[in-house]
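got a sequence here, can you model it:
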Amino acid sequence: MSDTHPGPRPPPSGISIIIVGAGFAGLTAAIEADRKGHTVTLLEKSSLIQPLGDIISFGQNSSRFFSKWPGVLEALDPIIHKSSEFHFHDWTGKFVTTQSFVAEHAAWGPRVNGHRGEIHQILFNYAQTSCPNLKIHLSQTVTEYFETPTHAGVTTSSGDTFTADLVLAAEGVRSKARSQILGFDDHSRPTPSGYAVFRAWFPSSPSLTSNPLTKHLVCPNGDTHNGWIGQDVHFLSASIKNGTEMSWVCTHRDDAEIKESWQFPGSKQEALRVIEGWDPVVVELVKATPEDRLFDYKLVFRDPLPTFISPKEGRLVVIGDAAHPFLPTSIQGASQAMEDGVVMAACLDKIGGDKGRVKEAIKVWENIRYERVHKIQETGVRTREQWHKADWDAIWKDPESMHLKREGWILDFDAEKDAYESYQSVKEELGRHGKL
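The predicted model follows:
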């Protein structure tokens, strides 16, 4: 086994995996596991993969994975955000500071920001065309997870049963696997965070290009990235594809009924109420938004799981949002989902096809991931509070205090390399504590 497996796919490892959910966690786990010779079955409840959603960001810690999949970065290039600067304003439109990412990009590599659905479609197409041994089954809703001492499996609504050496549940915060991990019913509603996000994505022309107040944000000025910060509200805009498309998000206080779906229709009237009295540029961005392109996403959280592994037989694992949902202000939810999949594939690679060590690999994976992912979760709350509870007297004295915190321990990190290098020491530590 090698640390990166460049070149041809290695011989079959003999390890079989079922992955439930073809989001970023599931797709990454599937691609990386196939890349390392494992036998993978990917189950997705949707009948069709469609380019839905709005803007999503991948830090350098996850964009590095795209470069390992031939042709993916090239496919992403036309659709990702190209601006390397972020301009901050207060809610009235007064300029505060510009944060440049040029030096960061040079040192750590590029970020990848773009339309969630379009990026997802490219990764799904790559999995279909470049992972010939990967079996993908659409229209498969998992109704039951089960384990035995020797294998794990799922039953679907169509009556099909699939078994493997382990199962990765990557189907989001409502995953049925959470109940099995916890040992009690986890189907109750998640806890409201007290915040919600209006989200939008739409063509720049003609509504924005013809408006004197907004035309500087879009074509022909290329991609731009701006933020407006107010009391318990922040509004971010990003034009993309050379300024021909616009996305914006507005995070604000909201204690309304929880709808755990970014597809819940939004109300333009409510969005305008939230930004009443704000910079006219922001108001015009909202007014220009087509009603059918505005969504209302209630931000929720769940208490950290005590473990990501089923205590019954240790062959069922939750990854991605099923294990650790993130606030958008962390800018790491998708990146950490991808890290989960990459690290799992590497840990399974380290056991060299020995089925008797599958549980060992799973436990080492959890030990590698658990602390890191929860520390990064906390950054989402800190960034939100940095903006929403801003001390403006202090900010005008030190405008750069408004900048996004870009920390090397999060972004300048190769999860795959780290997994290979730390596997043995983590295994030995678990053994000393009687956990293997």
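
any idea how far Glu366 lies from Arg406?
Counting by CB to CB, to the nearest Å, the gap from Glu366 to Arg406 is 27 Å. Yep, even glycine has a C-beta here, placed from its N, CA and C like the rest.

those two: which is more packed in?
Remark: of Glu366 and Arg406, Glu366 carries more neighbours, 21 against 17, as counted by other CB atoms under 10 Å.

excluding chain neighbours, what is closest to the more buried one?
The shortest distance from Glu366 to any non-neighbouring residue, by CB to CB, 6 or more residues apart in numbering, is to Phe308 (5.2 Å).

following element in sequence after the host helix or strand of Arg382, please.
Taking DSSP states H and E as the definition, Arg382 sits inside helix 358-388. Toward the C-terminal end, the helix or strand that comes next after helix 358-388 (DSSP H and E) is helix 392-397.

what's the weakest-modelled helix or strand in this protein?
strand 294-301 (a mean of 81; mean pLDDT, DSSP states H and E).

what packs against that strand?
Helices and strands touching strand 294-301, by 3 or more CB pairs under 8 Å, 6 or more residues apart in numbering; DSSP states H and E, are strand 191-203, helix 268-274.

most packed of those?
strand 191-203 (a mean of 20; mean count of other CB atoms under 10 Å).

each with direction, which strands does that one pair with?
According to DSSP bridges, strand 191-203 forms sheet pairs with strand 245-253 (antiparallel), strand 294-301 (antiparallel).

export the longest one as CSV, just CAs?
Presented in CSV, the C-alpha positions along strand 245-253 are these (Å, rounded to 0.1, in the frame of the first residue of the first chain):
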residue,chain,number,x,y,z
GLU,A,245,-24.5,34.9,-11.9
MET,A,246,-25.1,36.2,-8.4
SER,A,247,-25.5,34.5,-5.0
TRP,A,248,-26.2,36.0,-1.7
VAL,A,249,-26.8,34.7,1.9
CYS,A,250,-28.3,36.6,4.8
THR,A,251,-27.9,35.2,8.3
HIS,A,252,-30.3,36.6,10.9
ARG,A,253,-32.1,36.0,14.2
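
quick one: buried residues of that strand?
Residues 245-252 are the ones in strand 245-253 that count as buried (16 or more other CB atoms under 10 Å).

what's in contact with that strand?
54-55, 115, 194-204, 208, 217-218, 232-240, 271, 274-275, 285-286, 289, 299, 328-329, 384, 388 (CB atoms under 8 Å, 6 or more residues apart in numbering).

so which of the helices and strands packed on strand 294-301 comes closest to Asp349?
strand 191-203 (37.2 Å; CB to CB).

so what's the gap between the closest one and the chain middle?
In this view, strand 191-203 has its centroid 15 Å away from the chain centroid, taken as CA atoms, centre = their mean, to the nearest Å.

using CSV, list the CA coordinates for that strand.
Provided in CSV are the C-alpha atoms of strand 191-203 (Å, rounded to 0.1, in the frame of the first residue of the first chain):
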residue,chain,number,x,y,z
THR,A,191,-32.6,22.1,18.5
PRO,A,192,-33.1,25.6,16.9
SER,A,193,-29.9,27.7,16.9
GLY,A,194,-31.9,30.9,17.0
TYR,A,195,-30.7,31.8,13.5
ALA,A,196,-31.8,31.3,9.9
VAL,A,197,-30.3,32.0,6.5
PHE,A,198,-32.0,33.4,3.4
ARG,A,199,-30.2,32.0,0.4
ALA,A,200,-30.4,33.0,-3.3
TRP,A,201,-28.7,32.3,-6.7
PHE,A,202,-29.8,33.9,-10.0
PRO,A,203,-28.6,35.4,-13.3
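
now the angle between helix 358-388 and it, please.
80 degrees (axes from the mean of the first three to the mean of the last three CA atoms, to 10 degrees).

any idea of the mean pLDDT in strand 191-203?
Strand 191-203 shows a mean pLDDT of 85.

sorry, back to before: buried set for the helix holding Arg382?
358-370, 372-373, 376-377, 379-380, 383-384, 386-388.

could I get the helices and strands packed on strand 294-301 as TSV with distance to Val72?
Below are the helices and strands packed on strand 294-301 laid out as TSV (distance: least, CB to CB, whole Å):
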stretch	distance to Val72
strand 191-203	22
helix 268-274	35
